[in-house]
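>>> coords below, sequence missing:
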């Protein structure tokens with residue numbers, strides 16, 4: 001028996017990271033799959049008539065060991081990967097996708113599920129049970145259970161191929177990100193850059209035993225460079241490298257992969273009786289259909305575009321006046337926006353960063369969660385972790401009961417992918433009267449502490465921390481019976497509500513007073529800065545909205561129509577961006593070849609959900625503001641109807657129970673300064 005397949009004899013049953021070796025994974029996956037198969041076989045061969053308990057419930061509790069191995073392995077493959085782990089991922093991904101198909105295409109199993117489903121009206125199920133039954137039935141019907149044998153094997157082939165392609169896509173993006181470095185040896189090329197950025201570039205060069213300063217395409221290096229570097233040619237060089245990922249006709253090129261992925265997704269949807277991949281995906285979302293998504297996005301586009309055009313004209317005028325720039329290019333956007341923002345609000349990140357020391361911001365998030373939901377976070381040192389930089393916490397409620405284990409992993413490393421995310425190492429569920437508590441993790445890429453300074457966050461990083469922590473709370477406060485309905489297992493366009501609503505506290509003086517204190521003097525952030533943060537929050541919101549909508553519309557263009565005849569990725573993209581484009585096109589760049597959200601993550605046909613959830617979060621926070629941002633009653637309603645309920649009910653039902661009404665876009669448009 002592998003260390004990964006037996007019960008972890010550790011505190012709170014946490015993962016024994018330090019004892020796991022790479023060589024343990026593959027055999028553990030094989031064993032985990034075999035165990036899960038045996039559990040499924042036991043359900044199928046049960047001589048008793050199919051019931052909710054012996055079929056639907058039994059299925060949901062099956063495969064727990066495999067789920068645990070998968071979550072440990074794939075979480076580490078994102079946060080602490082190596083060539084060896086990537087090879088293992090390539091080996092096990094097809095096995096897992098095949099195992100998934102073994103279940104969804106198992107005719108005898110489906111017959112039992114169908115038998116229970118057909119008598120659902122007489123079973124007297126509670127809401128959560130009814131949802132589980134519906135989801136289990138759909139997990140078959142939406143994955144080909146009603147297909148002929150021949151079509152089932154066609155589906156298997158498509159799924160295997162898609163699993164491989166999306167892994168390859170992600171590996172190519174990572175390889176392209178790592179392959180590029182901008183090494184500077186002349187000090188005057190650093191003009192405009194913040195001291196912290198320069199220091200980080202210097203220490204990267206040192207660690208690689210190279211001269212000067214090294215800048216990379218990783219966000220903590222790339223974004224400050226694009227925002228502050230005075231040297232326009234170097235900004236151009238960085239921007240083109242960033243936008244060319246997967247689009248360089250080399251071994252890491254993703255153009256063919258993208259075209260293959262969208263065509264296979266279309267084939268898969270057609271095979272299952274859906275018009276397009278988007279029709280298939282949206283059936284299980286709040287938005288319901290591509291038509292609704294397009295109407296939603298175009299409605300917002302109509303409101304945001306005039307504002308965006310006005311902001312772009314203002315920015316163009318400003319750059320011309322300041323530096324005689326005749327035509328704004330993509331590599332000028334962040335730079336001149338920052339300069340204009342400083343002129344209008346006299347507020348730059350460098351002024352704010354001293355007030356946002358990482359440890360204090362994190363503690364602020366903990367205190368806010370305490371005020372709202374009665375939670376306390378205590379750092380503990382006797383829980384195993386996968387890297388020295390990870391911090392571990394016990395989360396308890398007002399009665400000192402364990403709510404969750406929380407892992408926090410905040411700094412960039414070679415084996416960690418870009419971006420920020422929340423994930424879990426163990427789900428919450430209730431079985432045999434025991435409420436198994438979840439193990440939740442937040443992973444980010446913030447600036448590391450240096451020899452002279454602690455980790456100081458930009459305001460944008462502060463909101464990122466709160467955002468991921470919001471997802472974290474959704475996982476930690478989960479309180480459902482079935483593992484597949486727990487925590488963040490909700491409709492995709494609902495999952496961003498808990499995270500995005502949390503960001504609102506970053507703009508409130510009452511909340512900022514809890515954590516925004518100067519790292520050297522302890523002085524609370526001055527009120528004028530807070531006012532400016534609030535004012536500047538809607539600065540260029542038209543442009544930001546237009547950009548977000550352009551990504552959502554591109555996603556729908558790939559997935560909401562038949563892509564069979566698309567042969568030229570760049571030409572297709574250019575056509576899709578026509579209605580949202582303000583900057584001149586860069587011929588060396590493409591968006592789709594590194595659009596990991598939709599070609600590697602699970603956001604295909606779902607990118608609109610960021611904006612969709614913004615409507616929800618603005619509307620929800622309006623309710624808090626009407627009653628006080630730390631109002632216990634509103635917080636409890638949010639906890640009881642949203643955070644703890646997972647996917648046990650239709651999200652709109654849950655939302656209305658919390659809010660008393662359907663969400664209205666007015667709160668968002670008002671917050672964004674668009675009305």
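Everything's here; your move. Just so it is clear, the structure is predicted and the values come from calculations on it, not from any experiment. Numbers count the residues shown, from 1 in each chain.
>>> shouldn't residue 361 be in contact with residue 459?
No - judged on CB atoms under 8 Å, residue 361 makes no contact with residue 459 at a distance of 10.2 Å. Glycine gets a C-beta too; all of them are placed from N, C-alpha and C.
>>> ok, those two, which is more surrounded?
For residue 361 versus residue 459, neighbours defined as other CB atoms under 10 Å are more numerous around residue 361 (24 against 21).
>>> which strands and helices sit next to the helix or strand hosting residue 95?
Assigned by DSSP states H and E, residue 95 belongs to helix 83-104. Contact partners of helix 83-104 among helices and strands, from 3 or more CB pairs under 8 Å, 6 or more residues apart in numbering; DSSP states H and E: helix 22-44, helix 64-79, helix 149-179.
>>> mind listing the strands in the chain by residue range?
Assigned by DSSP state E, the chain shows strands spanning 181-184, 213-216, 376-380, 391-396, 402-409, 421-426, 429-431, 434-436, 439-443.
>>> Deepest in the core, which of these is it.
Among these, strand 439-443 has the highest mean neighbour count (mean count of other CB atoms under 10 Å), at a mean of 26.
>>> Strand 421-426 and that one, what's the angle between them?
150 degrees (axes from the mean of the first three to the mean of the last three CA atoms, to 10 degrees).
>>> How about residues contacting strand 439-443?
12, 14-15, 75, 78-79, 404-410, 416, 420-426, 465, 468-469, 471-472, 475-476, 487 (CB atoms under 8 Å, 6 or more residues apart in numbering).
>>> related to what we said a few turns ago, of the helices and strands packed on helix 83-104, which is nearest residue 295?
Minimum separation from residue 295 across the helices and strands packed on helix 83-104 (CB to CB) falls at helix 149-179, 28.8 Å.
>>> what's that closest one packed up against?
Applying 3+ CB pairs under 8 Å, 6+ apart, one finds that helix 149-179 makes contact with helix 83-104, helix 255-271, helix 596-599.
>>> Any stretches of the chain with poor pLDDT?
For the chain, no stretch is flagged by pLDDT under 70.
>>> hmm, back to that, okay if I get the helices and strands packed on helix 149-179 as a markdown table plus mean neighbour count and distance to residue 238?
Below are those laid out as a markdown table (neighbours: other CB atoms under 10 Å; distance: least, CB to CB, whole Å):
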| stretch | mean neighbour count | distance to residue 238 |
| --- | --- | --- |
| helix 83-104 | 16 | 26 |
| helix 255-271 | 20 | 22 |
| helix 596-599 | 22 | 19 |
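>>> Tabulate those (TSV), appending distance to residue 152.
Converted to TSV, the helices and strands packed on helix 149-179 look like this (distance: least, CB to CB, whole Å):
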stretch	distance to residue 152
helix 83-104	8
helix 255-271	9
helix 596-599	25
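>>> So for residue 338, which of these sits nearest?
Of all those, helix 596-599 comes closest under CB to CB, at 25.1 Å.
>>> helices or strands next to that closest one in the packing?
If contacts are counted by 3+ CB pairs under 8 Å, 6+ apart, helix 596-599 sits against helix 149-179, helix 255-271, helix 541-559.
>>> quick one, which of the ones you listed is packed in tightest?
Among the helices and strands packed on helix 596-599, the stretch with the highest mean neighbour count (mean count of other CB under 10 Å) is helix 541-559, at a mean of 22.
>>> Next, count neighbours for residue 371.
Counted with other CB under 10 Å, residue 371 comes out at 17.
>>> which ones are touching the closest residue to it other than its chain neighbours?
Spatially, and ignoring its direct neighbours in sequence, residue 371 is nearest to residue 630 (4.8 Å; CB to CB, 6 or more residues apart in numbering). Contacts here follow CB under 8 Å, 6+ apart; on that basis residue 630 touches 368, 371, 372, 510.
>>> Is residue 28 in contact with residue 4, as I believe?
Yes - the pair residue 28 / residue 4 is scored as a contact, 3.7 Å apart, by CB under 8 Å.
>>> Overlap of the contact sets of these two?
Residues touching both residue 28 and residue 4 (CB under 8 Å, 6+ apart): residue 69.
>>> hang on, isn't residue 599 packed against residue 166?
Yes - Residue 599 lies in contact with residue 166 (CB under 8 Å); the separation is 6.2 Å.
>>> and for these two, which residues touch both?
The contact sets of residue 599 and residue 166 overlap at residue 261 (CB under 8 Å, 6+ apart).
>>> so which of the strands of the chain gets nearest residue 655?
The minimum distance between residue 655 and these falls on strand 421-426, with 20.5 Å, by CB to CB.
>>> Just want the angle from that closest one to strand 402-409.
Using the same axes, to 10 degrees, the inter-axis angle of strand 421-426 relative to strand 402-409 is 130 degrees.
>>> Can you give the contact residues for strand 421-426?
13-15, 68, 71-72, 75, 78, 405, 407, 436, 438-443, 468-469, 471-472, 474-475, 487-488, 499.
>>> again, 7 Å this time
15, 68, 71-72, 75, 438-443, 468, 471-472, 475, 487 (CB atoms under 7 Å, 6 or more residues apart in numbering).
>>> Then stretch 123-133?
Here stretch 123-133 makes contact (CB under 7 Å, 6+ apart) with 52, 56, 60, 116-117, 120, 480-482, 485, 647-649.
>>> before we move on, what about stretch 219-229?
By CB under 7 Å, 6+ apart, the residues outside stretch 219-229 that reach it are 192-194, 197, 200-201, 215-216, 235, 238-239, 242, 331, 334-335, 338, 412, 418, 445-447.
>>> roughly how far out does it sit from the chain middle?
Per CA atoms, centre = their mean, to the nearest Å, the displacement of stretch 219-229 from the mean C-alpha position of its chain is 22 Å.
>>> can you check stretch 296-309 too?
24 Å.
>>> The residue nearest the centre of the chain bridge partners, please.
The chain has residue 421 as the residue nearest its centroid, 5.1 Å off, counting by CA atoms, centre = their mean. Following DSSP bridges, residue 421 is listed with bridge partners residue 443.
>>> Please report how far it lies from residue 377.
19 Å (CB to CB, to the nearest Å).
>>> do the same with residue 433
Applying CB to CB, the value for residue 433 to residue 377 is 27 Å.
>>> Could you do residue 1 as well?
The value you get for residue 1 to residue 377, if CB to CB is used, is 34 Å.
>>> what does residue 341 give?
Residue 341 sits 34 Å away from residue 377, going by CB to CB.
>>> ok, and what's touching stretch 396-406?
By CB under 7 Å, 6+ apart, stretch 396-406 touches 12, 14, 374-377, 383, 392-395, 437-440, 472, 476-477.
>>> Identify the single longest helix in this structure, thanks.
Secondary structure of the chain per DSSP state H: the longest helix is helix 290-323.
>>> Counting neighbours, show which residues of that helix come out buried.
Neighbour counts using 16 or more other CB atoms under 10 Å place 290, 293-294, 296-297, 300-301, 303-305, 307-308, 311-312, 315-316, 318-319 of helix 290-323 among the buried residues.
>>> Equivalent analysis for stretch 12-30, please.
By neighbour count on 16+ other CB under 10 Å, the buried set for stretch 12-30 is 14, 15, 17, 20, 24, 25, 26, 28, 29.
>>> which of these lies closest to residue 176?
Distances from residue 176 to these, taken as CB to CB, are shortest for residue 25 (26.1 Å).
>>> Looks like the closest one contacts residue 73 (just checking).
Yes - the pair residue 25 and residue 73 passes the contact test of CB atoms under 7 Å, sitting 5.5 Å apart.
>>> nearest residue to residue 445 other than its sequence neighbours?
Computed as CB to CB, 6+ apart, the closest residue to residue 445 that is not its neighbour in sequence is residue 412, at 4.3 Å.
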